[in-house]
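> Please work out how this folds:
(2 chains)
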Amino acid sequence: MFVPEAGVAARPFFERLHDWIITVDHKKIGLMYVGYGVLFLVIGGIEAAIMRAQLAFANNHLVSPQTFNRMFTMHGTTMIFFAAMPIVFGIANYLVPLMIGARDMAFPRLNAFSFWMSALGGLILYYSFIGGNGLYGAGTAPDVGWFAYAPLTAQAFSPGHSTDYWIIGLLVSGIGSIGTALNIVTTVFCMRCPGMLLRRMPLLVWLNLITASLVLIIISPLTSAQIMLLLDRYLGAHFFDTQAGGSAVIWMHFFWIFGHPEVYVLVLPAFAILSEVIPVFSRKPIFGYNIMVLATIAIGFISLGVWAHHMFTIGMTSYANAFFVASTAAIAVPTGIKIFNWLGTMWGGKLIFSTAMLFCIAAVAQMLIAGLTGIMLAAAPFDWQLGNSYFVIAHFHYVILGVIVFAVFAATYYWYPKISGRMMNETLGKWHFWLFLIGFHVTFDFMHIPGILGMPRRIYTYEASRGWEIWNLIVSVGVIIQIVAILFWVVNLVWSHYNGREAGNDPWDAWTLEWSTSSPPPDYNFAIVPTVRSRRPLWDLKHPEDPDWKYE
Amino acid sequence: MSLEGGAASVARSALAVTCGAWAGAAHASLRIEPAIPNIFHPASTPADNIYHLSVFVLAVCAGIFLTVFSLLVYAVIKFRRRKDDDGSEPPQIYGSNQMELAWTVIPIVIVFVLFLAAARVIHAVEDAKLPANTLEVTVIGHQFWWEFQYPQQGFITANELHVPVGSGPNGAPTHLKLLSADTDHSFWVPQLAGKTDLIPNHPNEMWIEPHQTGVYVGQCAQYCGVQHAKMLLRVIVESPEDFQKWVTAQKNPAAESDNVAHGRDVFESTACVNCHTVAGTNAHGKFGPDLTHLMSRETIAAGAATNTRENLRAWIKNPDDIKPGALMPAMQMSEADIDAVTDYMRTLR
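The predicted structure follows:
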């Protein structure tokens, strides 16, 4: 997506590479974040494909149990920390300053530092494939699961260094996450252009503000737990060492008080994308801006009080279980408000089914389903059956793929013209959308069923007599369709870079500030810092007879 | 175990019907083999309670889904931009307090109802008072097998839990105390109850009250290491009389037979005895499954293989061939010694 300006293309490769490595420009850093995330998305996808090939048939011996366990550990860790987080941070990095009329983030050098820390974290994690067993022999990747429950991570059960690579890789990338979160919060509070009051900010900015605030809160418990685990492993502490009176349950609390809000850290930026794209292609402002902001704040607060719904099966008291049923079910209310408000935005509009809009509509429908299976899992007794089964896997992949990845695809089609100056190909885009939609549903709709039939997660094989084989085969076939769809996306990204139609400043006739500057934007974003009077400054410019500021 | 038996609820979802009917059909042809586990096919009290709640929750969710999804489809069709569109912008609507209030309050009411329904079942299952004749079993999770201690009767077995039918004359529910010897595990037999984790240093409990005799399968549902996948569970629910017979047999010391004296010597003179117990002999190991009545079990290696001579021999020769990553080492015995030990094991009825 890197489009050199005329004349710049002639510069030597190493000079241009040097420009990217030393850059403190939020747009370049944002793109590096996204590119880095997409790289890990592909790696994590390959790991998933290996698992699906293994599980396609009962009693399959394609990979050993040791390899399978590394695959699911690395798949989960990679997708959450090194694919999803960098992609959402990258999108925020690119768009937040442009949308609030700023020339860069508040702390450009901290921004670069944060990105490189995150990148280093991913390299440390993947170096485990070479160095995981230290001097003892060939390397091994971590195999303790992405939530690394104690005491499996203790030296007694996990000798060698694979678990250490997991701990340190995440710890280092956590430093980057905190830096970027701090930067986004500061940028939003301090860098807004004249007239850009908090109540006039685009929803994408609002949602990323809440996301960044959540990151600031939740990375700390994860980092603390990892430091405690290192102390256990190397300095004889006993925080999680159950053989010496430590508590495995404490690790679960630490991990999930990070882990559940983390879901919202990933999904709120997806909601942010939907909240920008749907209005433009419905040709209407977002329905109920105020309640959308309030619902986001509510989600942020409530998400900090629901973590133990990951722990309904650990033997909490009936009162504790009931509390977490209530808090978890409560979060469905603000989430539901968002779905209704997107519907309200579409209602009475003139819907334009661009590829970006199609991905958004599918994401809304899939968020509905993911929310409803979430309500099933929130009912603790139902979770005693469904928890840790393939039903849960299907549920959260509905959120992560069905909502987050769909929204990210929408974002690429919507903002690619701004980033590259060229339009993406809509025909390839429609192929990408429909194939991915079909592949997604073949995989994840049918994945609920083996969970209902008692198939737990994280098993490398199963007996044919359990009746799970046909469902697993269907699920695995869907993966092939998804891979083909993603090839269409990659081809489209590359093809459009060279052959796409010139985009101009504002190809979608949109309303937020990023469309007022050139495509791609200059280094300083805006030659003249804009002044805004409403939530849709470009609407005001295009419709001086009927400006928004008269009604807000 | 017929899905159609009992009060067939009108609210039963399409999913439940599909899975249930399908599992039911499979079940009809497999009378002795265990049924395919299915949470919508409960055969025990806590699983029943969960089933009724899940049907209710599914019905509510199905209603919400149909309503909202229909609105979405309607909006997509009705409000698409037409071919003859004049290019003007539609009316700019910024929101509606009444609508927003409606879709805040109605979900709150639904959520409250769901909470009450869930809380009722949580209380019914977790705070249940069990009768005095309840059977006590201590379940200890190991990498990668199950130990079952019957403290009231004073014996220990592994991997295949025998319990009496819970209701009817002489029936009794079973209370399981859940412990772990190493990492986290989870006891899950979907037709009998929801899962509960076995966590070291954190004793847990659960109970079951099966309605019908039969074999119910499940497996470890919390990742516990390399062979988490083959930590399978079988629960054999018997009539109170059959259960009593099984208990009596289990309390006996190991059968002795002079025909297999050599195999017994090999067993007792190698490291086997460090990990395994055979009651009445000098084998007192505690790290592996109790073998006193090995041949009373249908499977070996925590369900990884059926208990045939061929499988047993292969297991003794090299456990990794059947269950790579199992903690039992290959003892590097001669072929003749392996045969002898296998023959000895085959006498432990």
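> for the chain, where's the lowest mean pLDDT among helices and strands?
By default, I'm working from chain A. Among the helices and strands of chain A, helix A:13-22 carries the lowest confidence by mean pLDDT, DSSP states H and E, at a mean of 92.
> So which elements touch that one?
Helices and strands touching helix A:13-22, by 3 or more CB pairs under 8 Å, 6 or more residues apart in numbering or on different chains; DSSP states H and E, are helix A:26-55. (C-beta placed from N, C-alpha, C; glycine too.)
> picking that back up, for the least confident helix or strand of chain A, which residues meet the burial criterion?
Along helix A:13-22, no position meets the burial threshold by neighbour count (16 or more other CB atoms under 10 Å in any protein chain shown).
> and the residue nearest to A:Ala156 when sequence neighbours are not counted, what is it in contact with?
Nearest in space to A:Ala156, with sequence neighbours left out and distances taken as CB to CB, 6 or more residues apart in numbering or on different chains, is A:Gln243 at 6.9 Å. With contact set as CB atoms under 8 Å, 6 or more residues apart in numbering or on different chains, A:Gln243 has these partners: A:151, A:154, A:156, B:200.
> In the stretch 301-450 of chain A, which residue sits nearest chain B?
Here the residue of the stretch 301-450 of chain A nearest chain B is A:Trp384; by CB to the nearest CB that distance is 2.3 Å.
> buried sites along the helix or strand harbouring that residue?
For A:Trp384, the host element (DSSP states H and E) is helix A:380-386. Neighbour-count burial for helix A:380-386 flags A:380-386 (criterion: 16+ other CB under 10 Å).
> Tell me which helix or strand B:His136 sits in.
That one is not His; residue B:136 is Glu. B:Glu136 is part of strand B:135-142 when elements are defined by DSSP H and E.
> Can you list the strands that that strand pairs with?
strand B:145-150 (antiparallel), strand B:174-180 (parallel) (DSSP bridges).
> List the neighbours of the last one that are in contact with it.
Think strand B:174-180. With CB under 8 Å, 6+ apart as the test, strand B:174-180 has contacts from A:315, B:130, B:134-142, B:163-164, B:166, B:187, B:196-200, B:203-209.
> ok, then the element right after it?
Using DSSP H and E, the next helix or strand after strand B:174-180 towards the C-terminus is strand B:185-187.
> Any idea which residue of the stretch 1-150 of chain B lies closest to chain A?
Distances between the stretch 1-150 of chain B and chain A by CB to the nearest CB are smallest at B:Pro37, namely 3.3 Å.
> That residue - nearest residue in space that isn't next to it in sequence?
In space, B:Pro37 is closest to A:Gly454, 3.3 Å off (CB to CB, 6+ apart).
> So the top helix by length along chain A, near chain B or not?
Longest among the helix segments of chain A by residue count, using DSSP state H, is helix A:248-282. Yes - applying CB under 8 Å from any CB of the partner chain, one finds helix A:248-282 touching chain B at A:248-249, A:282.
> ok but A:Ala329 is inside a strand, no?
No - looking at A:Ala329 with DSSP: H, G, I helix; E, B strand; the rest coil, it is helix, so not inside a strand.
> and it, what pLDDT?
Per-residue pLDDT puts A:Ala329 at 95.
> which non-adjacent residue is nearest it?
Spatial nearest neighbour of A:Ala329, excluding adjacent residues (CB to CB, 6+ apart): B:Val111 at 4.5 Å.
> My guess is the one you found contacts A:Thr328. True?
No - with contact defined as CB atoms under 8 Å, B:Val111 does not reach A:Thr328; the gap is 9.6 Å.
> what sits in contact with each of these two?
With the criterion set as CB under 8 Å, 6+ apart, the contacts of B:Val111 and A:Thr328 do not overlap.
> quick one, which of those two is more surrounded?
Per other CB atoms under 10 Å in any protein chain shown, whichever of B:Val111 and A:Thr328 has more neighbours is A:Thr328, with 29 against 22.
> who's in contact with the more buried one?
Neighbour list for A:Thr328: A:306, A:309, A:374, A:378 [criterion: CB under 8 Å, 6+ apart].
> 7 Å instead, please
Taking CB atoms under 7 Å, 6 or more residues apart in numbering or on different chains, we find A:Thr328 in contact with A:306, A:309, A:378.
> next one: stretch A:305-315 to chain centre, how far?
Here the centre of stretch A:305-315 is set off from its chain's centre by 22 Å, with CA atoms, centre = their mean, to the nearest Å.
> Check whether it comes into contact with chain B.
Yes - Stretch A:305-315 comes into contact with chain B (CB under 7 Å from any CB of the partner chain), by way of A:313-315.
> any low-confidence regions in the chain?
In the absence of a named chain, this looks at chain A. Scanning chain A for pLDDT under 70 picks out the ranges A:1-10, A:134-139.
> you looked at the wrong chain, it should be chain B
Along chain B, segments meeting pLDDT under 70 span B:1-33.
> Could you rerun that using 90?
Applying pLDDT under 90 to chain B flags residues B:1-36, B:87, B:167-171, B:254-259, B:280, B:349.
> Any idea which residue of the stretch 51-200 of chain B lies closest to chain A?
B:Gly194 (2.3 Å).
> tally of neighbours for A:Gln366?
The number of residues packed near A:Gln366 is 20, by other CB under 10 Å.
> next one: B:Asp85
12.
> likewise A:Leu437?
Using other CB under 10 Å, A:Leu437 has 20 other residues around it.
> still on that earlier bit, how about TSV for the residues of stretch A:305-315 next to chain B, with secondary structure added?
Shown next, in TSV, are the residues of stretch A:305-315 next to chain B (three-state DSSP):
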residue	secondary structure
A:Thr313	coil
A:Ile314	coil
A:Gly315	coil
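> List the contacts of B:Leu71.
A:Leu343.
> need the residues of the stretch 201-349 of chain B near chain A, please.
When proximity is defined by CB under 7 Å from any CB, the stretch 201-349 of chain B lies next to chain A at B:201-202, B:204, B:218-219, B:221-223, B:225-229, B:324-325.
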